[in-house]
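*Asks:* pasting the structure only:
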Ligand SMILES: NC(=O)C1=CN([C@@H]2O[C@H](COP(=O)(O)OP(=O)(O)OC[C@H]3O[C@@H](n4cnc5c(N)ncnc54)[C@H](OP(=O)(O)O)[C@@H]3O)[C@@H](O)[C@H]2O)C=CC1
Ligand SMILES: CC(=O)N[C@@H](CCC(=O)OP(=O)(O)O)C(=O)O
């Protein structure tokens, strides 16, 4: 059989580097080409010495359509706003693409323009794109030419809430989510908020009631969860490198007990490799999933208020980005779903 050829666009960013690391130990042994818009000709190990010696093909290449046409699958790890123009020529050439950016996640181009404040991609490809929430869209992912990999926060939030919404256990109009992320969620480029002096020893709230992931989650709640949700969503920056903790609050619907919540989550995910459902009131920490593709979920009922707290943790660079993208490639190509994905978190 011909060797599997994979390209990574935006290879020098955090998600690109993580994908390269995972692909280098994938059992299908793909030939991986690293494309860079800024550092072609350099070796990726100059900037990322942890990758030294893991592959003989670590030179960054200039992106060219001729070269990329040979690829079986291309991962695009460029920032949102770039893949709008970058990807259509690849797609028109028949290449299968997994895009980690937000550009193709929203079906409604007006919503994209409102929340991302950038022109939307062509309607044809918005329509074709399959939302890559692996556990929910397997059948469409298998056939897809373009996968819009979910955002990091939406992955943690949706995996915890979708079973409860689908089964009508919580009031969809009562939802409030409070989410916290490590700094790698903001990518490799430095900004004022990610400067050590600003981030260290400090917690900050940002993009208040304006986060671009709000319409992505509400779209999925409607399409997958069959619930019209309008959710309050707050995001916070935590002085750590990896991890997301999402805490969701919702009113329980009449007659719903904690036993029903547990059984629903448990049954929903009992055959899923990467979702671990914990008993009620289990404390969760981001470091229990760090370095893995797991999403851990638990919940707690406040008997006084009748409100349910559901919470989940993921590694934003794995389950929230590169890990989920590789899971989607495995589904797309018919490989074992866990291939190339580290199963055991690293601790401490
Ligand atoms: N970090 C995270 O936890 C998550 C990130 N995402 C999304 O995944 C994508 C990648 O994220 P992340 O790795 O953190 O981002 P980074 O900022 O770390 O890296 C993005 C890379 O994209 C490339 N790039 C920048 N501008 C352009 C351009 N104009 N044309 C082509 N390539 C360009 C650069 O690589 P080069 O110079 O080598 O081309 C850059 O290193 C983003 O869209 C992000 O929103 C999604 C979920 C989680
Ligand atoms: C900590 C941090 O800054 N996180 C980023 C997540 C970026 C991301 O995943 O954005 P896309 O939707 O463009 O893929 C944020 O909150 O915007």
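*Replies:* Structure received. Treat the numbers as computed from the prediction; the structure is a model and nothing was measured. Residues are numbered from 1 along each chain as shown. Ligands and ions are numbered 1, 2, ... in the order given.

*Asks:* all the strands of the stretch 101-250 of the chain, residue numbers only.
*Replies:* For the stretch 101-250 of the chain, the strands defined by DSSP state E, counting those that start in this stretch occupy 130-131, 146-148, 176-181, 204-206, 232-237, 244-251.

*Asks:* and the gap between the residue of the chain found nearest ligand 1 and residue 155?
*Replies:* Of all residues in the chain, the one sitting closest to ligand 1 is residue 13 (1.9 Å; Cβ to the nearest ligand atom). For the C-beta atoms, the positions are set from N, CA and C on the backbone; glycine is no exception. Separation of residue 13 from residue 155 (Cβ to Cβ, to the nearest Å) stands at 18 Å.

*Asks:* how is the chain carved up into domains?
*Replies:* Following automatic domain parsing, one gets these domains for the chain: 5-150+319-333, 152-316.

*Asks:* I'd like these laid out as a markdown table, including distance to ligand 2, mean pLDDT and mean neighbour count.
*Replies:* A markdown table is the format used below for the domains of the chain (distance: least, Cβ to the nearest ligand atom, whole Å; pLDDT from 0 to 100; neighbours: other Cβ atoms under 10 Å):
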| stretch | distance to ligand 2 | mean pLDDT | mean neighbour count |
| --- | --- | --- | --- |
| domain 5-150+319-333 | 3 | 96 | 19 |
| domain 152-316 | 3 | 97 | 18 |
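
*Asks:* looking at these, which is nearest to residue 340?
*Replies:* Using Cβ to Cβ as the measure, domain 5-150+319-333 is the one of the domains of the chain that comes nearest residue 340, at 3.4 Å.

*Asks:* so which bits of the stretch 51-200 of the chain are right by ligand 1?
*Replies:* Within the stretch 51-200 of the chain, the positions near ligand 1 by Cβ under 6 Å from any ligand atom are 77-80, 82, 100-101, 151-152, 184-185, 187-189.

*Asks:* looking at those residues, which are in helices?
*Replies:* Judged by DSSP state H, these include residue 152 as members of helices.

*Asks:* and the residues of the stretch 51-200 of the chain next to ligand 1, which two are furthest apart?
*Replies:* So for those, where distance means Cβ to Cβ, the most widely separated pair is 82 and 184, at 19.2 Å.

*Asks:* OK, contacts around residue 173?
*Replies:* 229, 230 (Cβ atoms under 8 Å, 6 or more residues apart in numbering).

*Asks:* rewinding a little: identify whichever of the domains of the chain lies nearest to residue 347.
*Replies:* Using Cβ to Cβ, these put domain 152-316 closest to residue 347, at 6.0 Å.

*Asks:* distance between the closest one and the chain's centre?
*Replies:* Here domain 152-316 is found 13 Å from its chain centre; the criterion is Cα atoms, centre = their mean, to the nearest Å.

*Asks:* quote the end-to-end distance of that domain.
*Replies:* Domain 152-316 has an end-to-end distance of 6 Å (Cα to Cα, to the nearest Å).

*Asks:* phi and psi next, for residue 276.
*Replies:* Residue 276 adopts backbone torsions of phi -120, psi 120, taken as degrees, to the nearest 10.

*Asks:* just checking, it touches residue 296?
*Replies:* Yes: between residue 276 and residue 296 there is a contact at 4.8 Å, judged by Cβ atoms under 8 Å.

*Asks:* residue 35: what's it in contact with?
*Replies:* Going by Cβ under 8 Å, 6+ apart, residue 35 touches 7, 8, 9, 10, 11, 60, 61, 62, 63, 68.

*Asks:* CSV for those, including secondary structure?
*Replies:* Converted to CSV, these look like this (DSSP: H, G, I helix; E, B strand; the rest coil):
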residue, secondary structure
7, strand
8, strand
9, strand
10, coil
11, coil
60, strand
61, strand
62, coil
63, coil
68, helix
